[in-house]
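**Student:** test case, fold it:
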Amino acid sequence: MYLKKLALSSALSVALLSLAHAAPPFVVRDIRVEGNQRIEVGTVYSYLPVKIGDTYTEERGAAAIRSLFASGFFRDVRLEVEGDVLVVLVEERPAIAALNFSGAKEFEADKLKSSLRDVGIAESRIFDRALLERAEQELKRLYLSRGLYGVEITSTVTPVERNRVAVDFTIDEGDAAKIREIRIVGNQAFSDRELLKQLQLTTPGWFTRLTKRDQYSRQKLSADIETLRSFYLDRGYLEFKVESTQVAISTNRKDIFITMVVSEGQKFTVSDIKLSGEVFGRQDELMKLIRLKPGQVFNGTRLNESTKAISERMGNYGYAFAEANAIPEIDREKSTVAFNILVDPGRRAYVRRINIVGNERTKDEVIRREFRQLEGAFFDGEKVRRSRDRVDRLGYFEEVNIETPNVPGAPDLVDVNLAVKEKPTGNLSLGAGFSSSDRLILTAGFAQDNIFGTGNRFALQINTSSSDRTLSISQTNPYLTIDGVSQSFDIYTRTFKPNELDLGQYTLKSTGTGLGFGIPIDDFASFQAGLAYENTRIETTPNSPQRYLDYVRNNGSSSSALTAALGWVRDDRNSALAPTKGTLQKLTFDVTVPVLDLRYYRLGAQYQKYLPMTDAFTLAFNGQFDWGRGFSGKKYPLFKNYYAGGIGSVRGYESGSLSQDRDPKDNTPLGGASRLIGNVELIFPFPGVDSRAVRMYTFIDAGNTFAEGKSPDFADLRYSSGLGVSWLSPLGPLRFSYGRPLNAKPNDRKQSLQFQIGTSF
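**Tutor:** Now for the predicted structure:
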């Protein structure tokens, strides 16, 4: 048997030269691969230009070696010929088993690994020592962006089993360089102090240890340059520009010196604004959207908001790619500027498809029925925004984002892509808890706001708090009909012991059931109607409030009511859980049907308003008024009194403790037949948390309850102020507040720290 071996070393030129004189051409009967450990044989075959049945030549052998080396998988490749069998011997490069970082404090390991992945170093990838220096430089780049100019990085490669290596990076971060001086050169209209106040970067101070604003980064400097430009543009300096920026570092790499050279230019007043282009007869409508008026000092923010509003308004009429560009006409002699806003509507667009992603549990149907933009219809920007807000108001999702990309190759088509991030909408509870008002609570139950992903709500709840023991079953179907008529049903039994809250020695036991319907009026408003039955039993003791003893003596300990409920709700908030804009309005009217022993009616009104001050800050208002009265010669039942105080009404006072009507025996608050509540909140992000799930707020509250026959009086309101945190936790919205009464009276009960699982306000 003819046997001849040909060895090709990893020095490719030598290998190819030796091959050229070694093997005469022959037909390859078989190909065998040896030395591979992780790389599949099929992968090696795919890189070979020689197949079984081909005639092997020196050129093909050289090409095979080049191809296998180019794959990057192998440290060495050799070819041997045994008769008419081609043997491919490979020595694989090691794989990266692990990336380890020691000494890293500024960045999480995942962030460092993600950065190294971009330069080709990652776990399970083939290890290439040539990339190691690039990896070290990439890590240094990250640290330099945080102002850590003294960082030192060394790498160690340790072989492990199965031809793998562990790559260890030892990081000495050093101390962050501090900004010692920021100079602005060329400013005349504004002082250095005023301009420096606009910048995020600053020199070291009391709070910079927490904010790190005294640490230089290129991104922060770029942002500050844009902030400075916006500051000048909003004050009339249309031609302002930053001529240059210089960043110097001390020899010990601990001090940073920043110099910005600016050119302010002239201050301009707006002389005229006009619209041109194709506006389809909507000139007057679009002119009303322009916030910058002739005679005003030029303001860049108002101009940008105006052109954006015009583009969005054109989008409402199907022109998804409309552009509005402001062309300035500058008169430097008069220091005036006129603008011609050129409107280019582009082609009218249709919606090709609505794509929904991220809804692993929620059915597509539940989301799509909230859409007002339809597939195949003209694109309508307002309907797209309304659809997004309606989906967010469902309360099933942490995040709801919508995009409208154009369809490649089709200038008149767009897709609507909705991406959601689901949050837990169910709660299975069995255990104990603690409330700032109810103390020890034992609960068991099941609640699901989006049961089986259908959008229906079902709840079975058992509450055994010391003051409120409840067993209830409720169900809501928001789409009983295709038109959006909702249906709700509940049955419950409740025992309320006010003495546990120091509100009086008596017990209320209620059992009831109800059926209600919601009929949509438009996309934001609905009409509510329902019927409910309730039986209430009052158990008193000799120490009960005299008002309750008198009520039981005159009306008996047990009473029943059949109540008809009517209501109107309008909600155009952009979110049910963490709104930043929009309004919630409610009107309710409950009246007992005169077939049972109780005779009373209740009126309620609520108004909430959310105003976005900036992208991060929201100003929120809440006003609530409730009114109850008896009729047909009967008084309003005491056990239907309203209460105020505590989180949800007037924070800083104990829950349910605010009352103008008190028992003369022990000063127990009895609530009132009417109630007035007002709240103002400034909502902003929690420091260090970039998520709407956790937010902070400051507040001012006002409110009180008033006895039957006494009209609400603003002079009797109690006020408080404080600070709080809201968290969209897996258990539901949690709110913590610290409030201080502003005008407490001697009999008022104060409580500074309070918390609640519930909705806004």
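
**Student:** secondary structure class for residue 561?
**Tutor:** strand (DSSP: H, G, I helix; E, B strand; the rest coil).

**Student:** nope, residue 452 is what I was after
**Tutor:** helix.

**Student:** how close does it get to residue 475?
**Tutor:** 13 Å (C-beta to C-beta, to the nearest Å). For the C-beta atoms, the positions are set from N, CA and C on the backbone; glycine is no exception.

**Student:** next one: stretch 623-641 to chain centre, how far?
**Tutor:** 41 Å (C-alpha atoms, centre = their mean, to the nearest Å).

**Student:** ok, back up a step: so between residue 452 and residue 475, which is more surrounded?
**Tutor:** residue 475 (15 against 11; other C-beta atoms under 10 Å).

**Student:** which SSE is that one in?
**Tutor:** Here residue 475 is covered by strand 468-477, with elements defined by DSSP states H and E.

**Student:** who does that strand pair up with?
**Tutor:** Strand 468-477 has these partner strands in its sheet, going by DSSP bridges: strand 457-464 (antiparallel), strand 486-496 (antiparallel).

**Student:** distance between stretch 327-343 and the chain's centre?
**Tutor:** For stretch 327-343 - counting by C-alpha atoms, centre = their mean - the centre lies 40 Å from the chain centre.

**Student:** mind checking the end-to-end distance for it?
**Tutor:** 11 Å (C-alpha to C-alpha, to the nearest Å).

**Student:** give the buried residues for it.
**Tutor:** If you call a residue buried by 16 or more other C-beta atoms under 10 Å, then stretch 327-343 has these buried ones: 336-339, 341-343.

**Student:** over to stretch 119-130?
**Tutor:** By 16+ other C-beta under 10 Å, the buried positions in stretch 119-130 come out as 119, 121, 126-127.

**Student:** could you do stretch 741-760 as well?
**Tutor:** For stretch 741-760, by 16+ other C-beta under 10 Å, it's 741, 744, 748-749, 751, 754-756, 760.

**Student:** any chance of these in TSV, with distance to residue 95 and pLDDT too?
**Tutor:** Shown next, in TSV, are the buried residues of stretch 741-760 (distance: C-beta to C-beta, whole Å; pLDDT from 0 to 100):
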residue	distance to residue 95	pLDDT
741	66	94
744	70	89
748	71	86
749	68	87
751	62	87
754	56	85
755	51	77
756	54	70
760	53	50
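
**Student:** among those residues, which are in strands?
**Tutor:** Among those, the members falling in strands (DSSP state E) are 741, 751, 754-756.

**Student:** give the contact list for residue 419.
**Tutor:** If you count contacts by C-beta atoms under 8 Å, 6 or more residues apart in numbering, residue 419 has them with 357-358, 399-403.

**Student:** top of those by neighbour count?
**Tutor:** residue 400 (22 neighbours).

**Student:** so it sits in a strand?
**Tutor:** Yes - assessed by three-state DSSP, residue 400 belongs to a strand.

**Student:** hmm, it is touching residue 387, no?
**Tutor:** No - applying C-beta atoms under 8 Å, one finds residue 400 not in contact with residue 387, separated by 9.8 Å.

**Student:** picking up where we left off before, ok, of the ones in strands among the buried residues of stretch 741-760, which one's closest to residue 110?
**Tutor:** Relative to residue 110, the closest of those is residue 755; by C-beta to C-beta it sits at 32.8 Å.

**Student:** residue 734 is in contact with the closest one, correct?
**Tutor:** Yes - assessed by C-beta under 8 Å, residue 755 is found in contact with residue 734 at 6.7 Å.

**Student:** can you show me the helices along the stretch 201-350 of the chain?
**Tutor:** According to DSSP state H, counting those that start in this stretch, the stretch 201-350 of the chain carries its helices in the segments 208-211, 218-233, 283-287, 300-315.

**Student:** which residues in the protein form helices?
**Tutor:** Ranges of helices in the chain, per DSSP state H, are 12-20, 41-47, 58-70, 109-117, 132-145, 192-196, 208-211, 218-233, 283-287, 300-315, 364-368, 381-393, 546-555.

**Student:** pick the most buried one from the ones you listed.
**Tutor:** With neighbours defined by mean count of other C-beta atoms under 10 Å, none of those is more surrounded on average than helix 381-393, at a mean of 21.

**Student:** that one vs helix 300-315, what angle?
**Tutor:** 100 degrees (axes from the mean of the first three to the mean of the last three C-alpha atoms, to 10 degrees).

**Student:** may I have helix 381-393 as CSV, with CA atoms only?
**Tutor:** What follows is helix 381-393, C-alpha atoms only, in CSV (Å, rounded to 0.1, in the frame of the first residue of the first chain):
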residue,chain,number,x,y,z
GLY,A,381,-51.4,60.2,14.6
GLU,A,382,-54.0,61.1,17.2
LYS,A,383,-55.7,57.7,16.9
VAL,A,384,-52.3,56.0,17.3
ARG,A,385,-51.5,58.0,20.5
ARG,A,386,-55.0,57.3,21.8
SER,A,387,-54.6,53.6,21.1
ARG,A,388,-51.3,53.6,23.1
ASP,A,389,-52.9,55.4,26.0
ARG,A,390,-55.9,53.1,26.1
VAL,A,391,-53.6,50.0,26.2
ASP,A,392,-51.6,51.6,29.0
ARG,A,393,-54.8,52.4,31.0
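
**Student:** which other helices and strands contact it?
**Tutor:** Helices and strands touching helix 381-393, by 3 or more C-beta pairs under 8 Å, 6 or more residues apart in numbering; DSSP states H and E, are helix 300-315, strand 397-403, strand 410-422.

**Student:** identify the residues contacting that helix?
**Tutor:** 312-313, 315-316, 320, 367, 370-373, 397, 400-402, 404, 416, 418, 420, 523, 571-576, 582.

**Student:** now with 7 Å?
**Tutor:** Under the contact criterion C-beta atoms under 7 Å, 6 or more residues apart in numbering, helix 381-393 has outside partners 312, 315-316, 367, 370-373, 400, 402, 404, 416, 418, 523, 571, 573-576.
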